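Peer 1: model this:
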Amino acid sequence: MKSIKDNPISRVHLESFRSFYPVYDPFSPEIEISIVNIDPKGKSATFRFKNSPFLSDTKDFDYHIYIICGITEGILERELKTKVLCEIKEIHPSEKKDDAFFDLIIKLT
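Peer 2: Purely as a prediction, here's the structure:
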């Protein structure tokens with residue numbers, strides 16, 4: 001966890017979310033974002049989102065998560081002036097809100 005503090009990929013991504021998604025604010029109190037993994041070179045990171053309104057025991061809202069991924073990729077490419085790949089690693093809906101999550105991977109290329 002000590003590498004997260006000064007890691008540019010995590011800092012830029014988390015600080016910029018608020019401006020990307022005016023309707024979906026990942027910083028609202030109910031949304032939990034954690035960093036699951038950061039590669040040692042700081043070129044990719046996996047973020048886990050929990051308590052999202054798009055996660056229920058259905059796949060009806062999966063397309064919202066892919067839209068978030070595409071927007072994130074475009075904004076980060078513009079802000080960082082480098083090629084960025086954003087992909088959904090896993091979508092895990094659940095009846096239990098605490099068990100539902102999606103993982104988003106950001107790679108700087």
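
Peer 1: Regarding the residue of the chain most remote from its centre, what are the backbone dihedral angles?
Peer 2: Largest separation from the mean C-alpha position in the chain: Glu95, at 21.3 Å (C-alpha atoms, centre = their mean). When read as degrees, to the nearest 10, the backbone of Glu95 gives phi -60, psi -40.

Peer 1: okay, now Ile71: neighbour count?
Peer 2: For Ile71, the count of nearby residues is 15 (other C-beta atoms under 10 Å). Yep, even glycine has a C-beta here, placed from its N, CA and C like the rest.

Peer 1: ditto for Lys41
Peer 2: For Lys41, using other C-beta under 10 Å, the count is 7.

Peer 1: Repeat that for Asp60.
Peer 2: The number of residues near Asp60, taken as other C-beta under 10 Å, comes to 10.

Peer 1: Keeping just the C-alphas, turn the helix or strand in which Ala45 is found into PDB.
Peer 2: Assigned by DSSP states H and E, Ala45 belongs to strand 44-50. In PDB, the C-alpha atoms belonging to strand 44-50 read as follows (Å, rounded to 0.1, in the frame of the first residue of the first chain):
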ATOM      1  CA  SER A  44      -1.300  -0.200 -14.400                       C
ATOM      2  CA  ALA A  45      -3.700  -0.300 -11.600                       C
ATOM      3  CA  THR A  46      -6.800  -2.300 -10.700                       C
ATOM      4  CA  PHE A  47      -9.600  -0.400  -8.900                       C
ATOM      5  CA  ARG A  48     -12.600  -2.100  -7.200                       C
ATOM      6  CA  PHE A  49     -15.900  -0.200  -7.000                       C
ATOM      7  CA  LYS A  50     -18.400  -1.400  -4.400                       C
END
